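# with the sequence up front, the predicted model follows.
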Amino acid sequence: HRLLLNLLDNALKYSPPGSTVRLVVEEAPGGCRIAVHDAGPPIPPDAAERIFERFYRVDKARSRAVESTTGGAGLGLSIARWVAEAHGGSLRLARSGAGGNLFELFLPAAHPGAADPAPHAPAARTPARDDVQEMQET
């Protein structure tokens, strides 16, 4: 659920007040496609992959203003992509322009008979998670 929370948090954070954020879930060959469409400002083409890097911000000035009112450390999309890939899926910026941004998540279907991956085991530590924990401790 962290993956979806991060995607929706970003969509709401960067969309203008009163605008619509759409979430579409649909069956896709081999799994599930989830699309999040926001009304936020366009992401420049040269930043389309970089937005998934830890701490990367497209617009440093705007990011500081948003961060000061809503929190955030520039880790949301990085964590979301990591979670998607950890489950054999993918996350990408499918489209960006004057009409907002479209993020597409693909998650593969579970194989019948596959064991539930230790639902009560402690969460794996990741570099992004370590950074968040360090920031919270300071």
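Received, thanks.
# beta partners for Glu104?
Beta-bridge partners recorded for Glu104 (DSSP bridges): Ala35, Arg92.
# tell me which residues of the lengthiest helix in the chain come out buried.
Longest helix in the chain by number of residues, with DSSP state H as the criterion: helix 2-14. Neighbour counts using 16 or more other C-beta atoms under 10 Å place 3, 6-8, 10-14 of helix 2-14 among the buried residues. Quick note: C-beta positions are derived from backbone N, CA and C, even for glycine.
# pLDDT below threshold where in this protein?
Applying pLDDT under 70 to the chain flags residues 59-73, 111-138.
# again, only using 80
Where the chain drops to pLDDT under 80, the residues are 56-74, 111-138.
# closest to Ser78 among the buried residues of helix 2-14?
Proximity of the buried residues of helix 2-14 to Ser78 (C-beta to C-beta) peaks at Asn6, which lies at 8.9 Å.
# residues contacting that closest one?
Taking C-beta atoms under 8 Å, 6 or more residues apart in numbering, we find Asn6 in contact with 76-77, 79-80.
# before we move on, what about Ser19?
Applying C-beta under 8 Å, 6+ apart, the residues contacting Ser19 are 38-39.
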